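Peer 1: I'd like to go over a predicted model; first the sequence, then the structure.
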Amino acid sequence: MIKSPFSFQETLKHILWEGFLAMESKLAKGYEPHDVERKRYQIWEEGGYFCANEFSQKPSYSIVIPPPNVTGVLHMGHALNNTLQDILARWKRMSGYEVLWMPGTDHAGIATQNVVEKQLASEGCDRHEVGRERFVERVWQWREDSGGQIIEQLKRLGASCDWQRERFTMDEGLSKAVREVFVRLYEDGLIYRANRLINWCPRCHTALSDLEVEHEDKKGHLWYLRYPVAGSERHLIVATTRPETMLGDTAVAVNPDDERYQDLIGQSVRLPFVDRVIPIVADSYVDMNFGTGVVKITPAHDFNDFELGKRHDLPQINIFDESGIINDQGGPYSGQERYEARANVVADLESLELLEKVENYQNAVGECYRCRTVIEPFLSLQWYVKVDSLAQPSIKAVQEGSTRIVPDQWQKTYFDWMFNLQDWCISRQIWWGHRIPAWYCEQCEGITVSREDPSACSHCGSSKISQDSDVLDTWFSSALWPFSTMGWPDKTETLAKFYPTSCLVTGFDILFFWVARMMMMGLKFMNDVPFQDVYIHALVRDAQGQKMSKSKGNVIDPLHVIDEYGADAFRFTLTSFAAMGRDIKLSIDRIAGYRNFCNKLWNASRFALMNLNDFDPDSVELERIELSDADRWVLTRLVDTIHRTKVALEEYKFNDAASTLYTFTWHSFCDWYIELIKDELYGGDPSAKQRVQSVLFVVLETLLRLLHPFMPFITEEIWQNLPGLRPSDTIMYAPYPDGRGIPVDTHAAERMDLVMDVIRAIRNVRGEMDVPPGKQIEAVIECKSDKSAAVLERGELAIRTLGKVSQLTIGQNLEKPSQAATQVTGDVEILLPLSGLVNVDEEIQRLKKEISKARKDVDFFKKKLSNEQFLANAPSEVLQKDQRKQAEAEKKLGILLASLEKMESLGL
RNA sequence: GCAGGUAUAGCUCAGCGGGAGAGCACUCGCCUCACACGCGAGGGGUCGCUGGUUCAAUCCCAGCUACCUGCACCA
């Protein structure tokens, strides 16, 4: 026989009841996100509800998506970022704005090229064998086949982007914008070419901007090398972390004030292996206290040495090729890879007794942010953007508030960076990207920069010209995103309607990469800021607070979360934790908590639908019916929730909005209101039933609209199943609640709070005293004022039902039962006759606990109010409030003490 | 080294100068006719440390300690 936790009768009752529910309710017993999400999203998308109309008369609200990499897959950062944008977009759309949320992806030059190069490698060839043209074709093909997966994943999240406008940074239009910007900046003298040390990735074979290099402390060594002083038996000892670069040394340097080496300044040392005599120079850059106070100088392979070399007019000897292999300047080491060369140089120095010693040493090594290869400072000719004149207006715009950075602590970071800008290296030696529109003349060596591909040199007219083989940094095109996506350089209706954008939502990690550069380009080319607000959100970390990364294996895949818990629960979790200025530590059980919240909403709605079968929403006339205190209470709380939500959203306090809605939904609506109206729904009074049906409907329908930006799927699904006709095809275009038409009655709400306090007091005694939940009890409620008595008499039914009270007496100067548990709230004394329910000792214990709490209160206020300084200085409302609280506490203590005395006398 | 941030219940975090809050976890009692992804009740905190301002400080100011994140790094 199968063991069942239920008796046969109970099981049967269950089966019958479930059957009844299935017939009565249109909704399933638990919320099942899968089908709902797929179905609803499809309807929205096919209905064109995400589309923006630039010809609309409505006020505009626009957001451009931070374009994810075309190679990317959705991670937690994207999920948070796009959830917040979607909340804003849906909120504004419902609030009557014409909303454009512009989606798209960027071409991620290096990352995408790497993907396709790996493909080629697996086929046993490389891009050079394939050739530039065919390689670029392959990349396009790759994008066609497997790029942009993230777009479909954003849809799973519920993102309401205008997909018909989806853009890609390599699109024709955006490429045209890139070209226009390059040419104009060049013509304005803001783009130039220079031969400098740059960060070079020997694996990607390209230059990187300063921002694309990530520094990480690594364990290494400090080698002390002995350089023989020319024409002497002396040696100078230099310390270095990179011994192989000695092949490119063109000097050694000491501090001019260093007494140890005064006599050597101006002399030379003989460099081993390459047999070069190099000078000993004096420069204040050298720190006398570090190492030996002597530095080897390699101008072609170190940024500091490069600067020093310029001061002393030293030659720059490049010893590497573009793969980091020693070139023919490296003498015997020519052809060796840099680390191999290092090992050999060290070994050979040692055998020549030129290695003084080796120490362990930790220092920060720059790595390529795309492939983690150690970058090489490399001397090469590159294109730069001169940022000074572009940065000035961008700084001013934020200072003057044309663009607001939220939270404002990020402003400081923005300014810090803007004030210390280096020129931006924009050329990349890869093939995938916007090719630099510059042509070099074989004849006159002039450069032709042009909007249209030229056929002749603009200087000498020669047709022997060839285009620069480099492409532009991906961030160059991303910097134009807010206007290039809207059709610039053409003057479009879209730009007129939606530029500048209303808000940019992004993570702080790309504040410099992207936000600052968009500011510069927007102001330069649109003469206006690209966005009014910039909302910087947190980073999503794992439950331990660590950055999620594949190598740590602590990534939570958003799509798995959506599969398991539903998009709405996931979104609500992210939103709840999106407090300003703090990172999000995400763990699965938190998501489960919000899954439960979805289920709660679902079941409250099921309850409502079951009880609204015979209800016609058109009959609702809240103004004309006599509402109960409970009705007025829930409606007042609802309006309060509406206002709080609005304020929170306006201030980008997403977590506040979420918690306000959570608390109202669960604790006000479900825990109290639904419980309060059951008597009237199931009772025999048709007018009472219709009244609570009206309020139930209004509250639920309003709540769904309030919640929709946060939980789009479940709210639409329920909303569509409400009785009667909806004012629009989709909740997406139903007006966002503003509280109008909903009566607010704070006095009634206060009355209801008293009733609820009494119910809580009864439940407290029951719970503390282990009275079985099903057991009906007796209660005597002694009121010290007419007002309380009247309020509680009106709440009688609620007290009976929710307190499980069968015999209830409410009034003043009542006859008190001889043995009763006592509880006090406000000026109301609640007496629960023991009559065998509770034993006296337990009640004594409980009373003692209550008394100690009350006594603490009394002492607290007594002390506070006996302080003359407080009486003299505190504002009168604070004073009055505290006096009232003291009186209340004293009254409560008195009642409890009297009750205890009585109990103890009984016990004896 | 410079800058910024953070320290509040076991965990994760809200918090607006006037008696410390939530969610989760925990304890007790419940399959009560929307929901056990649930209901009711309860326990739990010297608000990092030291000073200062104030009638009043978790909140404002200064210093200290610890952790986090940027940026810059002396080879």
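Peer 2: That came through, no problem.
Peer 1: From residue A:615, how far off is residue A:697?
Peer 2: From residue A:697 over to residue A:615 the distance is 6 Å, taken as C-beta to C-beta, to the nearest Å. For every residue, glycine as well, the C-beta is placed using N, CA and C.
Peer 1: which residues do these two both contact?
Peer 2: Residues touching both residue A:697 and residue A:615 (C-beta atoms under 8 Å, 6 or more residues apart in numbering): residue A:723.
Peer 1: burial of residue A:458, as a residue count?
Peer 2: 14 (other C-beta atoms under 10 Å).
Peer 1: Now do the longest strand seen in chain A: which elements does it pack against?
Peer 2: Secondary structure of chain A per DSSP state E: the longest strand is strand A:213-228. Judged by 3 or more C-beta pairs under 8 Å, 6 or more residues apart in numbering; DSSP states H and E, strand A:213-228 is in contact with strand A:235-240, strand A:268-271, helix A:338-351, strand A:355-368.
Peer 1: Look up how far residue A:149 lies from residue A:553.
Peer 2: Distance from residue A:553 to residue A:149, by C-beta to C-beta: 22 Å.
Peer 1: Looking at those two, which has the bigger crowd around it?
Peer 2: Neighbour comparison, residue A:553 and residue A:149: the larger count goes to residue A:149, with 15 against 8 (by other C-beta under 10 Å).
Peer 1: Now that one: closest residue in space that isn't a chain neighbour?
Peer 2: residue A:73 (5.8 Å; C-beta to C-beta, 6 or more residues apart in numbering).
Peer 1: That neighbour and residue A:150 touch, don't they?
Peer 2: Yes: counting by C-beta atoms under 8 Å, residue A:150 is a contact partner of residue A:73 at 6.0 Å.
Peer 1: So between these two, which is more surrounded?
Peer 2: residue A:150 (21 against 13).
Peer 1: so that one, which of the three states?
Peer 2: The three-state assignment at residue A:150 reads helix, by DSSP: H, G, I helix; E, B strand; the rest coil.
Peer 1: what's it in contact with, if anything?
Peer 2: Counted by C-beta under 8 Å, 6+ apart, residue A:150 has contacts A:68, A:69, A:72, A:73, A:74, A:78, A:105.
Peer 1: repeat for residue A:143
Peer 2: A:70, A:112, A:168.
Peer 1: and if we set it to 10 Å?
Peer 2: Residue A:143 makes contact with A:70, A:71, A:105, A:107, A:112, A:115, A:116, A:168, A:170, A:432, according to C-beta atoms under 10 Å, 6 or more residues apart in numbering.
Peer 1: By proximity to RNA strand B, which residue of the stretch 701-850 of chain A wins?
Peer 2: Of all residues in the stretch 701-850 of chain A, residue A:767 sits closest to RNA strand B, at 2.6 Å by C-beta to the nearest atom of the strand.
Peer 1: Residue A:522 contacts residue A:486, correct?
Peer 2: No: contact criterion C-beta atoms under 10 Å: residue A:522 and residue A:486 do not qualify, at 11.4 Å.
Peer 1: Now do the shared contacts for the two.
Peer 2: The contact sets of residue A:522 and residue A:486 overlap at A:499, A:501 (C-beta under 10 Å, 6+ apart).
Peer 1: Output the set of residues of the stretch 801-908 of chain A in proximity to RNA strand B.
Peer 2: A:849, A:856-857, A:860-861, A:867, A:869-870, A:872-875, A:878, A:881-882, A:885, A:888-889 (C-beta under 7 Å from any atom of the strand).
Peer 1: In strands, which of those appear?
Peer 2: Per DSSP E, those never map to strands.
Peer 1: Just the buried ones out of those, please.
Peer 2: Buried members of those, scored by 16 or more other C-beta atoms under 10 Å, are A:857, A:861, A:874, A:882, A:885, A:888, A:889.
Peer 1: Now the fifth one. Nearest residue, chain neighbours left out?
Peer 2: Read it as residue A:885. Nearest residue to residue A:885, sequence neighbours excluded (C-beta to C-beta, 6+ apart): residue A:861, at 5.8 Å.
Peer 1: give the contact list for the one you found.
Peer 2: Contacts of residue A:861 (C-beta under 10 Å, 6+ apart): A:882, A:883, A:884, A:885, A:886, A:887, A:888, A:889, A:890.
Peer 1: just residue A:730 next, same as before
Peer 2: Residue A:730 neighbours (C-beta under 10 Å, 6+ apart): A:40, A:43, A:44, A:47, A:49, A:708, A:712, A:716, A:719, A:720.
Peer 1: what number of residues lie near the fourth one?
Peer 2: When neighbours are defined as other C-beta under 10 Å, residue A:47 has 13 of them.
Peer 1: Which one of the buried ones among the residues of the stretch 801-908 of chain A next to RNA strand B is nearest to RNA strand B?
Peer 2: residue A:857 (2.9 Å).
Peer 1: could you measure the closest one against residue A:394, distance?
Peer 2: Look at residue A:857 and residue A:394: by C-beta to C-beta, they are 57 Å apart.
Peer 1: Which stretches in the stretch 101-250 of chain A count as strands?
Peer 2: Remark: strands assigned in the stretch 101-250 of chain A by DSSP state E, counting those that start in this stretch are A:104-105, A:167-168, A:191-201, A:206-208, A:213-228, A:235-240.
Peer 1: nearest to residue A:802, of those strands?
Peer 2: strand A:104-105 (54.2 Å; C-beta to C-beta).
Peer 1: Could you list every helix and strand that the closest one packs against?
Peer 2: helix A:149-157, strand A:167-168 (3 or more C-beta pairs under 10 Å, 6 or more residues apart in numbering; DSSP states H and E).
Peer 1: Rounded mean pLDDT for that strand, please.
Peer 2: Averaging pLDDT along strand A:104-105 yields 94.
Peer 1: Residues contacting that strand, please?
Peer 2: So strand A:104-105 is contacted by A:64-72, A:143, A:147-151, A:161, A:163, A:165-171, A:174, A:481, A:484-485 (C-beta under 10 Å, 6+ apart).
Peer 1: Sort out which of those are in helices and list them.
Peer 2: Those of the contacts of strand A:104-105 mapping onto helices are A:143, A:149, A:150, A:151, A:174, A:481, A:484, per DSSP state H.
Peer 1: related to what we said a few turns ago, I'd like a version of the strands of the stretch 101-250 of chain A in TSV, one that adds distance to residue A:835 and mean neighbour count as further columns.
Peer 2: Formatted as TSV, these follow (distance: least, C-beta to C-beta, whole Å; neighbours: other C-beta atoms under 10 Å):
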stretch	distance to residue A:835	mean neighbour count
strand A:104-105	73	24
strand A:167-168	76	20
strand A:191-201	85	19
strand A:206-208	83	24
strand A:213-228	74	16
strand A:235-240	91	19
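Peer 1: any chance of those in JSON lines, plus distance to RNA strand B?
Peer 2: Shown next, in JSON lines, are the strands of the stretch 101-250 of chain A (distance: least, C-beta to the nearest atom of the strand, whole Å):
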{"stretch": "strand A:104-105", "distance to RNA strand B": "24"}
{"stretch": "strand A:167-168", "distance to RNA strand B": "27"}
{"stretch": "strand A:191-201", "distance to RNA strand B": "10"}
{"stretch": "strand A:206-208", "distance to RNA strand B": "12"}
{"stretch": "strand A:213-228", "distance to RNA strand B": "6"}
{"stretch": "strand A:235-240", "distance to RNA strand B": "4"}
